[in-house]
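In: Here's my sequence, what's the structure:
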Amino acid sequence: VQLVESGGGLVQAGGSLRLSCAASGRSFSAYAMGWFRQAPGKEREFVAAISWSGDETYYADSVTGRFTISRGDARNTVHLQMNSLKPEDTAVYYCAAGRPWSGSYYQSAPSYDYWGQGTQVTVSS
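Out: Sure thing, here's the model as predicted:
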């Protein structure tokens, strides 16, 4: 089982990036998928998540209105469109797959069973 993130990089404040995560090794069509991030010296934090059906999405307050999570047609991919990026968005972004119960569990890292290696996002001021 493997989750591979791509799309990270260096961007100026106000710019955009689109992260992608491709899952392989099993079917993830019944799994919720999420994005977490970890900045240097800080704990890993929830960014966004999407239900297995794609009908439910969840966002951290800090990214609401700027980031959009979506699933690909193959359902084994997930994307994170990040607009209006800020220097405080700088972090390593991790893709995760799991089966949260509902609601607030989507924002909890222990709800996710599989994790990618991460992709660096750096936003310059």
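
In: pLDDT value on Ser24, please?
Out: If you check Ser24, the pLDDT there is 89.

In: That one bridge partners, please.
Out: Gln2 (DSSP bridges).

In: Now name the helix or strand holding the residue most central in space within the chain.
Out: Residue closest to the mean C-alpha point of the chain, counted by C-alpha atoms, centre = their mean, is Trp35 at 2.0 Å. Under the criterion of DSSP states H and E, Trp35 resides in strand 32-38.

In: what's the closest non-adjacent residue to the residue of the chain most remote from its centre?
Out: Relative to the centre of the chain, the most outlying C-alpha is that of Ser125, 22.6 Å out, by C-alpha atoms, centre = their mean. Distances taken as C-beta to C-beta, 6 or more residues apart in numbering put Pro87 closest to Ser125, at 4.7 Å, once the chain neighbours are dropped. For the C-beta atoms, the positions are set from N, CA and C on the backbone; glycine is no exception.

In: Got the phi and psi for the one you found?
Out: Here is the backbone geometry of Pro87 (degrees, to the nearest 10): phi -60, psi -30.

In: Now do the buried residues in stretch 21-32.
Out: Neighbour-count burial for stretch 21-32 flags 21-23, 28, 31-32 (criterion: 16 or more other C-beta atoms under 10 Å).

In: and if you look at stretch 29-46?
Out: By neighbour count on 16+ other C-beta under 10 Å, the buried set for stretch 29-46 is 31-37, 44, 46.

In: Same question for stretch 100-118.
Out: For stretch 100-118, by 16+ other C-beta under 10 Å, it's 100, 105-107, 111-112, 114-116, 118.

In: what does that stretch rub up against?
Out: When contacts are defined by C-beta atoms under 8 Å, 6 or more residues apart in numbering, stretch 100-118 is touched by residues 1-5, 21, 23, 31-32, 34, 36, 38, 44, 46, 49, 51, 56, 58, 60, 92-99.
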